Every structure is written in structure tokens, then in C-alpha cells.
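J.: This is the structure alone, sequence omitted:
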């Protein structure tokens, strides 16, 4: 009978357990410490179990269709947004990604909930970094974003996701915490990722971690760190598995 050794993946992201700086808006939930492994020689590649943490997604369901003029989830849905249903963000230029055909054309739509601001961009592929030539999001603002496939053969658009941009005292507090981070270069980027993780800022943590992976694609600790982030959402669990697959 095959015996599985169960480990909790925090190697490389163990420092996510420690809050960086001061001025956190809430106490950070610490990813658990790996248990002592026994009979290590009996299993060369242990199954990895990720820690589920609260606070990354602030809503059980996505925005309704009539909030942004999109279709609701239903049978035949081929697209899915890789994002929390509702989440706080710090950056004013988030990166968006979704499950879809990487060779297909899509329209990304961003608008504030008042309807006073709306922005669209056509893109081929399944990701888009909010560009420098677009108006930055406004601190304290609430936005919806969605993705529409250009071809109806790709299925209906998924429901929109909501993002709440940190503003006011909450933003000032995080600005102060960022200014107190220690280190330079990669160490500083790692510290920023840990801070965003502890503040449950999913977009920001994924963006900074992905930037590090682009620079250091073979560092297993970075892939484990991003896998822990991806595992927090049902929509991105497959991405977590992809990050961990080469490590097993």
C-alpha cells in the first residue's frame, strides 16, 4: 500500500507568517509550520497540502450581471476570472487574468460602480496588466471588471469581479508599513509580497510574487509562495497545482 507523507507548503514562504512593518489593518493569520516528517525514505515525493486562510475574498459570489451588463454564470461557461469575487487592492494598476483560450480575442472592461468611469481594452490572450496609458484607479474607489470573448463560440462572459481600492486612513497606514520595510532589491520585493499577503491583498501579492518568478523562474520557494496564494481561491487552485507540480 502506498503511504503518503502530508506536508503543508510553507517552505520559501515561511516568512509570509511574519508581519512586516507596522500599521497592519488587522492581525495576520499565520500559515502553519510544516509538521515533522516521519519515515521520509518511504515516499520520495510527498503530497502537498495548502493552508486555506480567510480574508482574501470578501464575498461568496461575484457581482451580478446587471451591475456591469454581463452574463451570469450558467451551463456551458468556458471562461472564469482568476480573481476573488470581491477584494481589496493597493495598486492603482492591477493585473487581470482569466481562464480561457490563450489564442483568442477578448475585451477587458473596467468601470467604477457609479458608472462615471469606464475603460475597455481589446487583448489576445488570457491576461492584461492595466496599462500606463489608462487612467489610474482612484484610492477609495470601487470597481468592477469583466472579460467578454469576441467570439460567441468561446461561451458567455463570466460574472464581473469587484475590487475596492484602499483609500483614506487604511491606505495611509499601509503606505507607512511599506516605508518601514527593510532590505533592497529582491529582499525588499519579498518583504512587500509578505506584507501584501498578511494584509490579504490578493492582487498585489500575486503581482509582486509573479514579478519575482519572472526574474528567478527556477526558485522553488517563489513558486511555493505563489501556490499558497493561488490556493486561497477555487478559481486558481489549478494554477497552484501547476506551480507545485515541478516540485513534487
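T.: Received the coordinates, thanks. Fair warning: this is a prediction, and the values are worked out from it, not measured in the lab. Numbering: from 1, shown residues only.

J.: check which helix or strand covers the nearest residue to residue 191 once chain neighbours are set aside.
T.: Distances taken as C-beta to C-beta, 6 or more residues apart in numbering put residue 181 closest to residue 191, at 4.4 Å, once the chain neighbours are dropped. (Glycine included, C-beta is placed from N, CA and C.) Per DSSP states H and E: residue 181 is located in neither a helix nor a strand.

J.: which intervals of the chain have sub-threshold pLDDT?
T.: Low-confidence segments of the chain (pLDDT under 70): 1-49, 62-77.

J.: Just the helices from it, written as ranges.
T.: Listed in chain order, the helices of the chain (DSSP state H) span 65-68, 168-179, 185-198, 202-215, 220-230, 237-244.

J.: tell me the most buried of these?
T.: Scoring the helices of the chain by mean neighbour count under mean count of other C-beta atoms under 10 Å gives helix 220-230 as the most buried, with a mean of 23.

J.: Work out the gap between that helix and the centre of the chain.
T.: With C-alpha atoms, centre = their mean, to the nearest Å as the basis, helix 220-230 stands 11 Å off its chain's centre.

J.: Which other helices and strands does it contact?
T.: Judged by 3 or more C-beta pairs under 8 Å, 6 or more residues apart in numbering; DSSP states H and E, helix 220-230 is in contact with helix 202-215, helix 237-244.

J.: the inter-axis angle of the first one versus helix 185-198?
T.: Read that as helix 202-215. Between the axes of helix 202-215 and helix 185-198, defined by axes from the mean of the first three to the mean of the last three C-alpha atoms, to 10 degrees, the angle is 150 degrees.

J.: Please work out which residues outside helix 202-215 touch it.
T.: 56-57, 83-84, 87, 89-91, 94-95, 163, 186, 189-190, 192-193, 196-197, 219, 222-223, 225-226, 229-230, 232-233 (C-beta atoms under 8 Å, 6 or more residues apart in numbering).

J.: Perfect, I'm done here.
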